[in-house]
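Undergrad: Here is a sequence together with a model predicted from it:
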Amino acid sequence: MERREAITELGEALRLLVDQATTTEMPADDLLRAAAELREVAARLGVRTRDRSTLASADDLLGGVRMYNPVTGGGSALAPPLHIEVVAGVAIGRCTLGLAFEGPPRFAHGGVSAMLLDQILGHAVVASGNPGMTVRLDMVYRAPVPLCTPLRLTAEVQQVDGRRVTATGTIATEAEPDTVLVSASGTFMGLRADQTKRLFGPVLKA
Ligand SMILES: CCCCCCCCCCCCCC(=O)SCCNC(=O)CCNC(=O)[C@H](O)C(C)(C)COP(=O)(O)OP(=O)(O)OC[C@H]1O[C@@H](n2cnc3c(N)ncnc32)[C@H](O)[C@@H]1OP(=O)(O)O
């Protein structure tokens with residue numbers, strides 16, 4: 001099996017674990033036994049690791065492959081994951097949030113909605129050919145986002161003004177795609193060469 005497939009397999013197992021660990025009502029003894037077993041597994045994975053200045057060997061930064069991205073990464077225990085495709089400049093995202101993402105009971109944490117929207121706005125911005133970093137993200141929470149419900153996100157670029165790119169996006173359910181639950185407007189700033197070197201120099205050098 002190729003390494004990226006193995007990373008995704010491990011990611012799926014971790015997401016199942018996070019989901020079960022969040023929903024389990026098993027007694028304390030079972031939780032303690034699971035915790036001990038998981039520490040052993042973690043120790044095996046920790047034999048070879050990377051630091052923050054080293055890109056994951058399975059990643060392809062310029063090709064847009066980020067296996068451990070906390071929103072889209074197939075290898076991430078934290079990612080829903082959000083699956084994004086860009087069609088005619090519009091980024092369309094799909095995911096279902098489990099109980100690990102709960103804020104108010106039955107609904108998603110507001111910060112999770114912001115994270116999803118930051119990511120999908122970023123995809124629309126990259127797809128427009130003007131990559132940049134988020135410098136501002138404005139959120140409007142119109143209605144709570146239901147957990148365990150297929151969601152549909154959209155994002156598109158509204159304006160490109162030199163290095164400054166503005167994009168907007170929404171979260172709705174798949175069942176009612178025209179009822180906007182959360183909307184966001186983001187400003188992204190393209191980096192000057194000196195900023196790219198200062199922030200990402202060690203990673204790019206490697
Ligand atoms: C298709 C392929 C798939 C792959 C897709 C991958 C998608 C990835 C998606 C990832 C998605 C996740 C993405 C993430 O999570 S990105 C992570 C979160 N974002 C950050 O950490 C960025 C932090 N900010 C900075 O480091 C600096 O601000 C940078 C370096 C960006 C600019 O440096 P600096 O601040 O020194 O500015 P400047 O001297 O260059 O001047 C630039 C202009 O910017 C204006 N400005 C600054 N701040 C703001 C502000 N808050 N509102 C409005 N305007 C602002 C400023 O006034 C100036 O305007 P002007 O005077 O020129 O008019």
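TA: Sure, I can see it.
Undergrad: How many residues are close by the residue of the chain found nearest the ligand?
TA: Nearest residue of the chain to the ligand (CB to the nearest ligand atom) works out as G122 at 2.5 Å. Quick note: C-beta positions are derived from backbone N, CA and C, even for glycine. Neighbour count for G122, taken as other CB atoms under 10 Å: 24.
Undergrad: For my notes, confirm it occurs in a strand.
TA: No - using DSSP: H, G, I helix; E, B strand; the rest coil, the assignment for G122 is helix, not a strand.
Undergrad: who's in contact with R142?
TA: Taking CB atoms under 8 Å, 6 or more residues apart in numbering, we find R142 in contact with 180-183.
Undergrad: circling back: quick one: pLDDT of the residue of the chain closest to the ligand?
TA: Per-residue pLDDT puts G122 at 98.
Undergrad: which residues does it contact?
TA: Shown in contact with G122 (CB under 8 Å, 6+ apart): 134, 186, 188.
Undergrad: could those be laid out in a markdown table, adding neighbour count, distance to the ligand and secondary structure?
TA: Putting these into a markdown table (neighbours: other CB atoms under 10 Å; distance: CB to the nearest ligand atom, whole Å; DSSP: H, G, I helix; E, B strand; the rest coil) gives the following:
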| residue | neighbour count | distance to the ligand | secondary structure |
| --- | --- | --- | --- |
| T134 | 15 | 4 | strand |
| G186 | 27 | 9 | strand |
| F188 | 26 | 8 | strand |
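Undergrad: Dump those residues to CSV, plus pLDDT and distance to R163.
TA: Below are these laid out as CSV (pLDDT from 0 to 100; distance: CB to CB, whole Å):
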residue, pLDDT, distance to R163
T134, 98, 13
G186, 98, 14
F188, 98, 9
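Undergrad: Residues of this structure that sit close to the ligand?
TA: Applying CB under 6 Å from any ligand atom, one finds that the chain approaches the ligand through 64, 118-119, 122-123, 126-127, 133-136, 187, 189, 191-192, 195.
Undergrad: Of those, which belong to helices?
TA: Of the positions in those, 118-119, 122-123, 126-127, 195 sit in helices, assigned by DSSP state H.
Undergrad: Mind giving me the PyMOL command for buried ones among those?
TA: Buried members of these, defined by 16 or more other CB atoms under 10 Å, are picked up in PyMOL with:
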select buried, resi 118+119+122+123+126+127
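Undergrad: G111: which of the ones in helices among the residues of the chain next to the ligand is nearest?
TA: D118 (10.2 Å; CB to CB).
Undergrad: What are the phi and psi values at L45?
TA: Note on L45: its backbone torsions stand at phi -70, psi -30 [degrees, to the nearest 10].
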